[in-house]
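[1] no FASTA, just this:
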């Protein structure tokens, strides 16, 4: 009850009764005949006190009207009626995979948006709805509201995105939002990828977008680098994968600065991926008017066109300086020499001093931790087989259960068949550091990457010597990737990002144009500060003195794989409710009391003129 002092108006009830029982005073007049005034005499009898009490419908109606008016003035509310009945959060998947087209030519995003508009019809004050958009990260586009028009505008404004995120992150965000809300809670998910996270204490429903499993071939990764033997040239690695139920003959075309360089054909079995190497590319960035833009394109068109193109930049040779602290590790020394990290110096743990860190971009500690070295030591540090943080007991024969192909340390690295004898159990959370696990084992993370205030650390829970990794091709590539990420000075590493990631624009740089793709030159920009590109392609940045390009790609197998098991049958979602009726039913009760009082006034007027009341 909002205004309880209005209940004092109940004191008017005796006044209503007195006015009803009040006898009408008639003026006396002398007339010639009474039969002409017979009706007046009958009315006089009806107005007698006891006669009026025998027919008191009018008084009851008056008292009921007064009651309704008082309750309306007090704005009566009670939890069972006016409280929130249910909260609904609608999650729309807007990742790259949602651009896949079905046989009718519609994208899955178009289907999701149409279903979402149908679901927004029953949005009311007692059943508020919110909207979460999943791209690289889930974003609460509209908080819980009863404004269906605002929600509709937000849904209509959704544009396709090439980013890759995780459904679990969106579900966790929805659970956090609903945790403090009263009433029932519901999550509606519009995605073609079946959710795997169990939603607790919340009604969950995934509305299917398609029952069709689509075949697709896409580019999973691409990187350009200069071989140490010939730094004036470049070679490009392109990884293509077949996410189809049948084998595919694939032609991959490579262009440099919009000029065709080479075309290669390969055969991919179902579920197979292969690396294609284009070598002998002249590093034309040495010449004027050359931009060094590399595009790999799959000629055949399929259900998802987003992953048929990939973008990279010709490398700028800028090898980091590495200090290797080791007693003797022939495999590690050769791995460093095999990459571009040719400026490597070796020192024994006994001769190591922390002051040496300032002269190197990366310091590697191999199997032994010198005295005084901690997680907070200066520089960017790589720990192999030794940990600066307290580790748990050793686990024997740990199995690699998951790797993150999108992590820079794991680019083009396959550890699936590796054998490891023993590994320490590393913590998943370290105060003051952003922690990622590029490699997960059955007993915990096998590789950790840490970042804080432009300081970077990489920790291997196992000694590579205690595994078959040093005799695998993946070992020098893994060490190279770790060094490149730790050094954070490679121009290509900084200017090649995933769609949806944040690119900090520093030193006066700002976005001026993009995305430049095989289908068009993009649009002009005027943006400084942090940049969040959501579409693949090249973006041009400048600061008035120099200009550069940024290559943006998806590179996520989960977005290319459209064969998701357990696809749901298409559903229409909750049954639509007539919007006007739904809005009437959501009004607070004091409005109904006001309308009831008005209706009773009309009823009393009708009954009076029908001679049913006095």
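    Sure, I can see it. Keep in mind it's a predicted model, so treat the numbers as computed, not measured.

[2] how about the closest residue to residue 12 other than its chain neighbours, what does it touch?
    The shortest distance from residue 12 to any non-neighbouring residue, by C-beta to C-beta, 6 or more residues apart in numbering, is to residue 66 (6.2 Å). Where you see a C-beta, it was placed from the backbone N, CA and C, and this is true even at glycine. Residue 66 is in contact with 9, 12, 13, 16, counting by C-beta atoms under 8 Å, 6 or more residues apart in numbering.

[3] What's the first helix or strand after the helix or strand containing residue 345?
    Of the helices and strands defined by DSSP states H and E, residue 345 is found in strand 343-347. Downstream of strand 343-347, the first helix or strand assigned by DSSP H and E is strand 362-366.

[4] For that next one, which strands pair with it and how are they oriented?
    Sheet pairing of strand 362-366 (DSSP bridges) gives strand 321-325 (parallel), strand 381-384 (parallel).

[5] and residue 455, what pLDDT?
    For residue 455, the pLDDT comes out at 88.

[6] please begin residue numbering at 2 from this point
    All right, first residue 2 from here; so that's residue 456.

[7] Dihedrals phi and psi, it?
    The phi/psi pair for residue 456 (degrees, to the nearest 10) reads phi -100, psi 140.

[8] doesn't the residue nearest to residue 13 fall inside a strand?
    No. Using DSSP: H, G, I helix; E, B strand; the rest coil, the assignment for residue 67 is helix, not a strand.

[9] picking that back up, and the contacts of residue 67, which is closest to residue 271?
    Distance to residue 271 across the contacts of residue 67 (C-beta to C-beta) is lowest for residue 10, with 78.7 Å.

[10] tell me which element residue 337 is part of?
    Per DSSP H and E: residue 337 is located in helix 331-339.

[11] helices or strands up against the host helix or strand of residue 110?
    Element membership of residue 110, judged by DSSP H and E, is helix 109-120. If contacts are counted by 3 or more C-beta pairs under 8 Å, 6 or more residues apart in numbering; DSSP states H and E, helix 109-120 sits against strand 87-94, helix 149-157, strand 185-191.

[12] Show the contacting residues for residue 90.
    130, 131, 132, 133, 145, 175, 178, 179, 187, 188, 189 are the contacts of residue 90 under C-beta under 8 Å, 6+ apart.

[13] partner residues bridging the last one?
    For residue 189, the beta-bridge partners under DSSP bridges are residue 91, residue 206.

[14] Other residues contacting stretch 162-176?
    90, 92, 94-97, 100, 133, 135-139, 141, 188, 190, 192, 194, 196-198, 200-201, 203, 205, 307, 407, 499-501, 535-537, 553, 555-557, 559-560.

[15] same thing with stretch 441-448?
    393, 396, 399-404, 410, 421, 424, 426-427, 429, 438-440, 459-463.

[16] tell me which helix or strand of this protein sits lowest on mean pLDDT?
    helix 80-83 (a mean of 43; mean pLDDT, DSSP states H and E).

[17] the strands in the stretch 352-501 of the chain, which residues?
    363-367, 382-385, 395-397, 401-404, 423-425, 435-442, 445-453, 456-461, 497-499 (DSSP state E, counting those that start in this stretch).

[18] Spell out, range by range, the strands that occur in the stretch 152-301 of the chain.
    Using DSSP E, counting those that start in this stretch, strands in the stretch 152-301 of the chain cover 185-191, 204-208, 217-226, 234-244, 249-257, 260-269, 274-283, 294-299.

[19] Low-confidence ranges, the stretch 302-451 of the chain, go.
    Applying pLDDT under 70 to the stretch 302-451 of the chain picks out residues 318, 340-343.

[20] Also the stretch 502-615 of the chain?
    Looking at the stretch 502-615 of the chain by pLDDT under 70, you get 508, 527-529, 565-589, 591, 609, 611-615.

[21] about what we covered before: from the contacts of stretch 441-448, which would you call buried?
    With burial judged by 16 or more other C-beta atoms under 10 Å, the buried subset of those is 396, 399, 401, 404, 410, 421, 424, 426-427, 438-440, 459-463.
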